[in-house]
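In: Here's a sequence, model it:
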Amino acid sequence: MATRTQNAKGNIIWGVFNNCVIILMPFISRTVMIYTMGMQYVGLGSLFTSLLGVLSFAELGIGGALVFSMYEPIAKGDDSKVCALLNFYRKCYLGIGMIILIVGLMIMPFLNYFIEGEIPDNINIYVLFSVYLLNNVIGYFFFAYRYSLFLANQRVDLKSKIDVSVNFFMYVIQIAILILFRNYYIYVIVIPVCTLTNNILGAVITRKMYPQYVCRGKIPKEEKRSIREKVSGMVFQKIGGIILTSVDTIVISAFLGLRVLGIYNVYYYIITALFGFLTVIQQSIIPVVGNSIVTESKEKNFTDFKKFSFMYIWLISWWGVCLVCLYQPFVRLWVGEENMLPFGLVILLAVYFYTYKMADLVYIYKEAIGLWWQGKLVPVISSVCNLILNLILVNFIGLAGIVISTIVSIVLVSVPYGSWILFKYYFQSRKDWMRYLRRLLLYAAVTTGIGIVTWEICHLIGGMGWIAFIMKVICCLIIPNVLLFVVYCKSRDFKNAFSFILGLLPEKIKTKFIS
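Out: Below you'll find the model as predicted:
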């Protein structure tokens, strides 16, 4: 148990550090791009990334299924089986890379249909898309499969260390290119070069740390059948994730244009930054939960689920309140008032963030347990609902309609039915599922109340400069957490979470804290 906790702690620490780099550096890069190249270039990069996100459907969730399949043989020291899985993984990725490359080349002639209005001068969208496509397929052709060894061995921190190093230098080079040359082509070419560097470093380090794992051998037909079943379930998860994330961007570009997409991307970038930190927690917890599922009782895992859910909700409640109170003053200082969205959209984006993340612990446990097939239809129904509402509402209320579409599909489909899969097939308790949904409603109501109180207090702070913004930041650091403490301090969830956090502290600090 100590090993799992230590690994999770290391994974989270290095993951957070990595996200600080990949949030701060792109922020600087994006700021320089807005002031040197223009808002349309931000929208153009976002569009290509989303288009290629759709093409990543070809991965079909093989990576997640293979990592899940590695947990047990690694725990039992079955090196030959791990080698066979790794070999199978490599072959799959080569095939996936070819599929993405071919499909990407096939959609290139139709790129102009995804852009409403003007395209930046002196830009060939087909050349740029080719570079983005190259970056997307490099990972499949060169060693990306070896990162599964870090994940399956609960060493996500090692991947984070590599990402920190490579990403830092990539953004430094890109910022220098924007300032010195103002050339978007050179800026983009740096991306696949650094992706290749990242994969090579990962391959070298995994071969040094895990020399016993090489690509050799074949997995039995029964194992392939099991993996195929897991992958089949994850196909639907993949479809849902693509439509919920990538299609929104494509619809905005196709109906509202690159400038609107660029402004939306400024706001969504902040949400993405928060998502990045939460992804660190997810990636760090999944291997630990996966190991716990194998070694601990169902009752112990249910206790952990409730504890982790409470901690996670506390975090996203706090951050959601911060979005409502700090979005507008920050964007005004960052890119100017002419690039701001209406406050009503700000509230919608904060609700979007909260609803999108409030059931993440369900996803984490389903991922660790391997309940992909059982919940296969949930993301499909949710994403189809989102897409249909997108195409309808964007014509009536524009950008707000796209955000509302996602919120509705998550609240009415993803959260209730996604959690039902976990409680039906693993915890096996309808009563606990109902209690969980009621708890989510309670959490949402508390967050709404705390958000209103915090916003009213922040609204009393006059001025629009940095001093006023810093004062609002201080309010958002203190007030929501104090109010959350007042509401939850006597609850069992809070006491369990507090004991867990206390257990993560070094012994010297823990002794002083208790005394």
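
In: alpha carbons only for contacts and neighbour counts from here, please
Out: Fine.

In: where along the stretch 51-200 of the chain do the helices fall?
Out: Along the stretch 51-200 of the chain, counting by DSSP state H, counting those that start in this stretch, helices occupy 62-76, 79-107, 125-141, 147-152, 156-180, 184-209.

In: And these: which comes nearest residue 258?
Out: In terms of C-alpha to C-alpha, the element of those nearest to residue 258 is helix 125-141, at 12.6 Å.

In: circling back: packed most tightly, which of the helices of the stretch 51-200 of the chain would that be?
Out: The highest average neighbour count among the helices of the stretch 51-200 of the chain, using mean count of other C-alpha atoms under 10 Å, belongs to helix 147-152 at a mean of 22.

In: what's in contact with it?
Out: Residues outside helix 147-152 that contact it (C-alpha atoms under 8 Å, 6 or more residues apart in numbering): 63, 66-68, 70-71, 74, 156, 158-159, 202-203, 206, 287.

In: same thing but 6 Å
Out: With contact meaning C-alpha atoms under 6 Å, 6 or more residues apart in numbering, helix 147-152 is reached by 67, 71, 156.

In: ok, back up a step: mind giving me a markdown table with the helices of the stretch 51-200 of the chain and columns for distance to residue 226?
Out: Converted to a markdown table, the helices of the stretch 51-200 of the chain look like this (distance: least, C-alpha to C-alpha, whole Å):
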| stretch | distance to residue 226 |
| --- | --- |
| helix 62-76 | 9 |
| helix 79-107 | 12 |
| helix 125-141 | 23 |
| helix 147-152 | 18 |
| helix 156-180 | 25 |
| helix 184-209 | 26 |
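
In: Out of these, the one nearest residue 32 is which?
Out: Of all the helices of the stretch 51-200 of the chain, helix 156-180 sits nearest to residue 32, with 7.0 Å by C-alpha to C-alpha.

In: pLDDT on that closest one, on average?
Out: Averaged over helix 156-180, pLDDT sits at 87.

In: what helices or strands is that helix leaning on?
Out: helix 2-36 (3 or more C-alpha pairs under 6 Å, 6 or more residues apart in numbering; DSSP states H and E).

In: rewinding a little: just the contacts of helix 147-152 now: which is nearest residue 180?
Out: Taking C-alpha to C-alpha as the measure, residue 180 lies nearest residue 156 of the contacts of helix 147-152, at 36.0 Å.

In: Tell me who's in contact with residue 378.
Out: Contacts of residue 378 by C-alpha under 6 Å, 6+ apart: none found.

In: That one: which element?
Out: Using DSSP states H and E, residue 378 sits in helix 377-397.

In: can you list the residues that contact the helix or strand following that helix?
Out: Using DSSP H and E, the helix or strand that follows helix 377-397 in sequence is helix 399-409. In this structure, residues lying in contact with helix 399-409 by C-alpha under 6 Å, 6+ apart are 352, 382, 385, 386, 389, 390, 393, 394.

In: Please, which helix or strand holds the first one?
Out: Element membership of residue 352 [criterion: DSSP H and E] is helix 343-357.

In: ok, residue 130 to residue 51 distance?
Out: 12 Å (C-alpha to C-alpha, to the nearest Å).

In: Distance of residue 145 relative to residue 67?
Out: Counting by C-alpha to C-alpha, the gap from residue 145 to residue 67 is 10 Å.

In: neighbours of residue 247, just the number please.
Out: Neighbourhood size, residue 247 [other C-alpha atoms under 10 Å]: 22.

In: Of the helices of the stretch 51-200 of the chain, which is nearest residue 325?
Out: Ranking the helices of the stretch 51-200 of the chain by proximity to residue 325 (C-alpha to C-alpha) places helix 156-180 first, at 29.3 Å.

In: Determine the angle, from 0 to 180 degrees, between the closest one and helix 184-209.
Out: Relative orientation of helix 156-180 versus helix 184-209 (axes from the mean of the first three to the mean of the last three C-alpha atoms, to 10 degrees): 160 degrees.

In: For helix 156-180, what is the distance to the chain centroid?
Out: Averaging C-alpha positions (C-alpha atoms, centre = their mean, to the nearest Å) puts helix 156-180 19 Å from its chain's average.

In: cool, stretch 288-299 as well?
Out: Here stretch 288-299 is found 24 Å from its chain centre; the criterion is C-alpha atoms, centre = their mean.

In: Repeat that for stretch 346-356.
Out: Centroid separation for stretch 346-356 versus its chain: 15 Å, with C-alpha atoms, centre = their mean.

In: who's in contact with it?
Out: 320, 323, 324, 407.

In: follow-up on the earlier one: of the contacts of helix 399-409 - the most surrounded one?
Out: Most neighbours among the contacts of helix 399-409, by other C-alpha under 10 Å: residue 382, with 27 neighbours.

In: OK, contacts around it?
Out: Residues near residue 382 by C-alpha under 6 Å, 6+ apart: 409, 413, 414.

In: Let me see the contact set for the last one.
Out: The reference is to residue 414. Contacts for residue 414 were tallied using C-alpha under 6 Å, 6+ apart; they are residue 382.

In: The second one now?
Out: For residue 413, the contacting residues are residue 382, by C-alpha under 6 Å, 6+ apart.

In: One more pass at 10 Å, please.
Out: Residues near residue 413 by C-alpha atoms under 10 Å, 6 or more residues apart in numbering: 378, 379, 380, 381, 382, 383, 385, 407, 419.

In: related to what we said a few turns ago, shared neighbours, residue 130 and residue 51?
Out: Shared contacts of residue 130 and residue 51 (C-alpha under 10 Å, 6+ apart): residue 104.

In: thinking again about what came up before, identify the farthest-apart pair in the contacts of helix 399-409.
Out: Maximum distance among those (C-alpha to C-alpha): 17.7 Å, for 382 and 394.

In: Okay, residue 297 and residue 366: tell me how far apart.
Out: Residue 297 is 16 Å from residue 366, by C-alpha to C-alpha.

In: now, which of the contacts of helix 399-409 sits nearest residue 210?
Out: residue 382 (40.4 Å).
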